[in-house]
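# Predicted coordinates and the sequence they were generated for:
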Amino acid sequence: MSNVILKVDNLSKRYKDKVALDHVSFEIQKGKIYGFIGENGAGKTTTIRSITGLSSIDEGNVELFGLSDSKGLQEARKKMGCLVERPILMLNESAFYNLKMQQTLFGKRDDERINNLLDRVGLGDVKQKKVKNFSLGMKQRLGIALSLINNPELIILDEPVNGLDPMGMVEIRKLLTSLCVDDGITIIISSHILTELYQLVTDYIIISNGKIIDTLSKEQLDDRCSSYVVIETEHKEKAIEVLNKHNFNQVQVVGNEIRILGDVSKERIAKWMFDEGILLTTVMKYEKSLEEYYMELLGRK
Amino acid sequence: MNNLIKWELKHTFKSKVFWGFGLFYLAIALLLLVDIQGGELATGYDAFLTNCNNLRGFFTLTIGIFGGTYFADAFEERRIQAAIMAGNSRLNIVLSKILASTLAIMIFSVIELVTGSAISFMSIKETGVDSWKPVIATGTLFTLAWAALTSICFIISMLVKKTGAAIALNTVTMIGLDFIVELTVEQPWGEKLSRFTLPGQTFFSLAAESKSEMITSALVSVSGLLLITAVSYIIFRKDELK
């Protein structure tokens, strides 16, 4: 049986003259945490709105839990929890009442589930407190609890750590990891900051100007961000032979530079070249950070 | 659909707007006492019609405020969005919203009419009616016409989505429609035409005496409500929500 629970296929959307989404396609597999990354205005929220039914689709298809027709999608959305932009809260009511109302929407009455959820998101002690007195972090956690009220298999969180302090971010990260690992909930979490999600997600979907520009796993990202040593010499061919001799086959020649990929120190490379009588005019280690990789991907570097 | 209606009604009965307007219309009913004590009304039925006319005037002035707040708040506070994300169809959302507002208008009308009429009939010994049927029929037709007319506020509120603007536009619309009816009924052609409109029925339902007039009133209100619901859905179906 396929593990794909959400399939977005060639989704396009226009707002008057502006192309908001341009043939966006990606798949979401069960049991993973996806980071949906893109700068402000890249199309993250528009994509999420299309999936959640808030926005109509001009072209393309959304398949949720194997269903893609209008009625099917409505049914499938009942197995999904969402937090789009900011939680939808009744500020003058308690956290408990907010969850109770959300349960009504799904035709359920289960106070125990509400209490468990509030404990789970760390709001058990303040469940009768009016939401208007909550901090931003508490409201976000309540928003996540609201998205979990119907025992969803998939939750979509649009910028849930926006505006949170570092402690708040850590709390949300722990909560989401536990939801995925302990409860098997698939999570899509959008953010405009790649590094913000690094400790949380298993896969990345990167969007820019309404187009998906990359989809990759955390391991693939790590590989792409790995370090390399750059050398420059007038004897490029000979230098490559030396590297091959030492079993370094992952070599790229970019202009005058030779890039040696993988975990190697510049001192070792310099010594091998020195031993073979090759004069290096440049030798330096280059480490690509996540941020640099992201900027490079967006064509900003 | 049942869950959605339950959810909608819970929100309605929890809202301060609903209770505020409920108390306001109750206060208006009590004000009728002043009219009755003036001693110009011959029978309880006259007092009942005066009461309906008073309510008509107050509805014209205030129902846009209620409709604007009730519908636009749902967009502004993103309750409509919550209902969509929970897997409800847009048609069901429109139906439940209009159903709940219709119920709210009925409650306001009943609060005012029952309280006001009870006071009227108790204060004036001469009831002026052989049977309670015309009182109930007139009250029902009047309420139905207003419930249908108020559903226009859903369309206006959906288009503007901001509570302040929705209140202003809905109020202007209600007063404007009433003004048009007042003007047209004075024309020979206008009276006939107005009978087949919702704003006209907020007026003519009070004077419906014959069976055919009553049926016309009920049909105009019900078809008006259905038409507004259909138009609301057509617009809402493609509405972009934030």
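Alright, I've got the coordinates. Nothing here was measured: the structure is a model prediction, and the numbers come from that model. Residues are numbered from 1 along each chain as shown, chains lettered A, B, ... in the order given.

# Stretch A:84-92 and chain B in contact?
Yes. Interface with chain B: stretch A:84-92 contributes A:V84, A:E85, A:I88, A:M90 (CB under 8 Å from any CB of the partner chain). Every residue, glycine included, has its C-beta placed from N, CA and C.

# Now do the contacts for the residue lying closest to the first one once chain neighbours are set aside.
To tie it back to what came earlier, the one meant is A:V84. Of all residues not flanking A:V84 in the chain, A:D158 sits nearest, at 4.6 Å (CB to CB, 6 or more residues apart in numbering or on different chains). Residues in contact with A:D158 (CB atoms under 8 Å, 6 or more residues apart in numbering or on different chains) are A:K44, A:T45, A:I48, A:C82, A:L83, A:V84, A:E85, A:S190.

# Give me the phi and psi for A:D158.
Backbone geometry at A:D158, expressed as degrees, to the nearest 10, gives phi -100, psi 110.

# separation between it and A:G38?
For A:D158, the distance to A:G38 equals 11 Å [CB to CB, to the nearest Å].

# Same check on A:K236?
Note on A:K236: its distance to A:G38, by CB to CB, is 39 Å.

# Which one's more surrounded, those two?
Between A:K236 and A:G38, counted using other CB atoms under 10 Å in any protein chain shown, the more crowded position is A:G38 (25 against 15).

# My read is that that one contacts A:G210, right?
No. Checked against CB atoms under 8 Å, the pair A:G38 and A:G210 is beyond contact range at 9.1 Å.

# So, low pLDDT: which residues of chain B?
B:32-42, B:125-128 (pLDDT under 70).

# Apply 90 and report the result again.
In the predicted model of chain B, residues B:1-3, B:8, B:10-17, B:24-59, B:77, B:109-140, B:161, B:181-214, B:216-217, B:238-242 satisfy pLDDT under 90.

# and it, which residues reach chain A?
B:2-4, B:6-7, B:10-11, B:14, B:77-79, B:81-89, B:238, B:240-242.

# Now list the buried members of those residues.
The neighbour-count criterion (16 or more other CB atoms under 10 Å in any protein chain shown) marks B:3-4, B:7, B:11, B:77-79, B:81-89, B:241 among the residues of chain B next to chain A as buried.

# Among those residues, which lie within helices?
Assigned to helices by DSSP state H, the following of those qualify: B:N3, B:L4, B:W7, B:H11, B:R79, B:Q81, B:A82, B:A83, B:I84, B:M85.

# tell me the contacts of A:D58?
Counted by CB under 8 Å, 6+ apart, A:D58 has contacts A:S12, A:K13, A:R14.

# Tally up the residues packed near the first one, please.
Using other CB under 10 Å as the criterion, A:S12 is surrounded by 16 other residues.

# And the contacts of stretch A:122-133?
If you take CB under 8 Å, 6+ apart as the criterion, stretch A:122-133 is touched by A:89-96, A:98, A:114-115, A:118, A:134, A:138-139, A:141-142, A:145, A:171, A:175.

# if we can go back for a sec, could you find the lowest-pLDDT member of the residues of stretch A:84-92 next to chain B?
Of all the residues of stretch A:84-92 next to chain B, A:E85 has the smallest pLDDT value, namely 82.

# which one is that one nearest to, not counting chain neighbours?
Nearest non-adjacent residue to A:E85, counting by CB to CB, 6+ apart: A:D158, 5.4 Å away.

# Would you mind naming what in the stretch 51-200 of chain A lies close to chain B?
Selection of the stretch 51-200 of chain A residues close to chain B by CB under 8 Å from any CB yields A:52-56, A:70-71, A:74-78, A:80, A:82, A:84-85, A:88, A:90, A:93, A:101-102, A:104-107, A:150.

# ok, the closest residue to A:N256 other than its chain neighbours to A:G43 distance?
Take A:N256 and drop its neighbours on the chain: the residue closest to it by CB to CB, 6+ apart is A:E232, 5.3 Å away. Distance from A:E232 to A:G43, counting by CB to CB: 40 Å.

# So between the two, which is more surrounded?
Comparing A:E232 with A:G43 by other CB under 10 Å, the one with more neighbours is A:G43, at 24 against 15.

# so the more buried one makes contact with A:I205?
No. At 10.9 Å, A:G43 and A:I205 do not qualify as touching, with contact defined as CB under 8 Å.

# tell me, what's touching these two both at once?
Common neighbours of A:G43 and A:I205 (CB under 8 Å, 6+ apart) do not exist.

# Quick check: B:T62 is in a helix.
Yes. Secondary structure of B:T62 (DSSP: H, G, I helix; E, B strand; the rest coil): part of a helix.

# Report all helices and strands that whatever helix or strand A:I48 lives in contacts.
Following DSSP states H and E, one finds A:I48 within helix A:44-52. Counting contacts by 3 or more CB pairs under 8 Å, 6 or more residues apart in numbering or on different chains; DSSP states H and E, helix A:44-52 is packed against strand A:4-15, strand A:18-29, strand A:33-37, strand A:59-64, strand A:80-83, strand A:154-158, strand A:186-191.

# May I have the secondary structure class of the residue lying closest to A:K236 once chain neighbours are set aside?
Counting by CB to CB, 6+ apart, A:K236 lies nearest to A:I258, which is 6.3 Å off, once chain neighbours are set aside. Secondary structure, three-state DSSP: A:I258 is strand.

# list the contacts for A:I258?
Counting by CB under 8 Å, 6+ apart, A:I258 touches A:V230, A:I231, A:E232, A:T233, A:K236, A:A239, A:I240, A:L243, A:V251, A:Q252.

# okay, the residue nearest to the spatial centre of chain A: pLDDT?
Nearest residue to the geometric centre of chain A (CA atoms, centre = their mean): A:G35, 0.7 Å. A:G35 carries a pLDDT score of 90 in this model.

# Am I right that it is in contact with A:I207?
No. Look at A:G35 against A:I207 with CB under 8 Å: they stay out of range, at 10.9 Å.

# coming back round to it: show the pLDDT at the residue nearest to A:V84.
For A:D158, the predicted pLDDT is 88.
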